[in-house]
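Asker: Structure, please.
(one chain, ligands or ions: 1)
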Amino acid sequence: MIKIDTALIMIVLLVLGISIVSYLVMYRKENKKCIQAELQQKSTMYILLGAPGAGKGTLSERCIELLSFKHLSTGNLFRHHIDTNTAIGQKVKELIKAGSLVSDDIVVDMVREELAAVVANSAQQSLFLDGFPRTVEQAKILLAMIKEPVFSNLDVKAVHLWLPSIDIVVDRLTSRLVCSNKDCQATYSIKDLNDVEKAAMICKKCGGKLIKRSDDEVDAIRKRLEIYQQAEKEIIEQFALANIPIIRLDASGKAEDIYQNFVQQIGMTK
Ligand SMILES: [Zn+2]
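Answerer: Model prediction:
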């Protein structure tokens with residue numbers, strides 16, 4: 001009796017041992033597969049196109065917060081290079097001092113450096129390129145850059161926040177109130193304020209005075225938008241020629257709808 005019991009226990013232990021070992025081996029294989037799949041996944045750069053006021057900022061904020069997107073803004077890059085006094089920053093400072101424009105080459109150098117860092121990171125990453133290209137010449141330079149071998153693992157798509165009418169943005173921009181406190185610069189829409197707040201015109205964050213745009217500014221905004229739209233048309237033509245997929249988003253709707261439309265079109269959830 002004792003002998004049979006011992007044999008039985010031995011068999012049970014043996015089967016158990018084999019199961020554990022084979023489970024561990026399989027688990028490791030699966031794990032390895034997952035890591036490899038992740039390494040093979042490409043990073044995706046979405047080039048943001050849209051007039052000032054079309055909602056690029058709002059869309060990128062949501063994607064950064066909810067989808068862990070990275071935001072590559074040429075405006076922020078400039079500030080970073082100037083603040084940290086890099087070689088590019090020094091060059092830009094000299095140009096500004098001399099009253100000259102910063103050349104496209106400098107902007108591209110900055111973008112290249114940032115993008116290369118993202119691509120070098122093995123983890124898959126989605127990012128927005130914001131503020132570039134602004135002209136058809138810049139679009140051509142950018143399209144040439146992404147063909148460089150270092151970016152062979154980068155998917156490039158354009159996101160076009162298109163407007164059925166320029167008036168929508170003019171309305172958005174002219175109903176915007178800005179805090180006059182230089183350190184605050186909070187923005188409000190006049191449509192969101194009640195009558196008391198409209199009469200007071202005081203910033204809720206810092207108590208500074210809120211200012212509205214003048215009619216001259218509105219005219220200037222309209223002119224700037226018309227120039228922008230012409231450039232945008234030419235940029236999109238270049239992207240189409242280069243077979244860059246273009247995600248079209250109707251920018252006349254609510255910010256939430258624009259975001260949902262974008263998420264749906266890129267096949268992400270949230
Ligand atoms: Zn303020």
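Asker: Identify the residue nearest the geometric centre of the protein.
Answerer: Phe128 (2.4 Å; CA atoms, centre = their mean).
Asker: for the stretch 101-250 of the chain, what are the low-confidence residue spans?
Answerer: 122 (pLDDT under 70).
Asker: Helices of that one, start to end?
Answerer: Applying DSSP state H, counting those that start in this stretch to the stretch 101-250 of the chain gives helices spanning 104-120, 136-145, 166-174, 195-200, 215-241.
Asker: Indicate which one of the ones you listed is closest to the ion.
Answerer: The ion lies closest to helix 195-200 among the helices of the stretch 101-250 of the chain, at 12.8 Å (CB to the ion). (Each C-beta comes from the backbone N, C-alpha and C, glycine too.)
Asker: What lies in contact with the closest one?
Answerer: Ile190 (CB atoms under 8 Å, 6 or more residues apart in numbering).
Asker: is that helix up against the ion anywhere?
Answerer: No - on the criterion CB under 5 Å from the ion, helix 195-200 is out of touch with the ion, staying 12.8 Å away.
Asker: Convert the C-alpha atoms of that helix to PDB, please.
Answerer: The C-alpha coordinates for helix 195-200 follow below in PDB (Å, rounded to 0.1, in the frame of the first residue of the first chain):
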ATOM      1  CA  ASP A 195     -23.600  89.200 -18.900                       C
ATOM      2  CA  VAL A 196     -21.800  90.100 -15.600                       C
ATOM      3  CA  GLU A 197     -18.600  88.600 -16.800                       C
ATOM      4  CA  LYS A 198     -18.900  90.400 -20.200                       C
ATOM      5  CA  ALA A 199     -19.300  93.700 -18.400                       C
ATOM      6  CA  ALA A 200     -16.400  93.100 -16.100                       C
END
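Asker: mind listing what the residue nearest to the centre of the chain touches?
Answerer: Phe128 touches 45-48, 60, 63, 69-72, 159, counting by CB under 8 Å, 6+ apart.
Asker: sorry, back to before: mind putting the helices of the stretch 101-250 of the chain into TSV with mean neighbour count?
Answerer: Output for these, formatted as TSV (neighbours: other CB atoms under 10 Å):
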stretch	mean neighbour count
helix 104-120	16
helix 136-145	18
helix 166-174	17
helix 195-200	10
helix 215-241	15
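Asker: Figure out which of the ones you listed is closest to Ala186.
Answerer: helix 195-200 (13.1 Å; CB to CB).
Asker: where do the strands sit along this structure?
Answerer: For the chain, strands defined by DSSP state E occupy the ranges 43-50, 70-73, 126-130, 154-162, 176-179, 187-189, 210-211, 246-250.
Asker: Most tightly packed of those strands?
Answerer: Highest mean neighbour count among these (mean count of other CB atoms under 10 Å): strand 43-50, with a mean of 23.
Asker: Near the ion, which residues of this structure? Just list them.
Answerer: 179, 181, 184, 186, 203, 205-206, 208.
Asker: May I ask which of those residues has the most neighbours?
Answerer: Counting neighbours by other CB atoms under 10 Å, the top entry in these is Cys179, with 22 neighbours.
Asker: re earlier: any chance of the helices of the stretch 101-250 of the chain in TSV, with distance to Gln90 too?
Answerer: Output for the helices of the stretch 101-250 of the chain, formatted as TSV (distance: least, CB to CB, whole Å):
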stretch	distance to Gln90
helix 104-120	11
helix 136-145	22
helix 166-174	34
helix 195-200	45
helix 215-241	29
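Asker: Compare those helices and give me the one nearest Phe262.
Answerer: helix 215-241 (17.1 Å).
Asker: Just confirm Ala139 contacts Gln238, I think it does.
Answerer: Yes - here Ala139 lies in contact with Gln238, judged by CB atoms under 8 Å, at a distance of 4.5 Å.
Asker: Could you check how far Gln230 is from Lys56?
Answerer: 18 Å (CB to CB, to the nearest Å).
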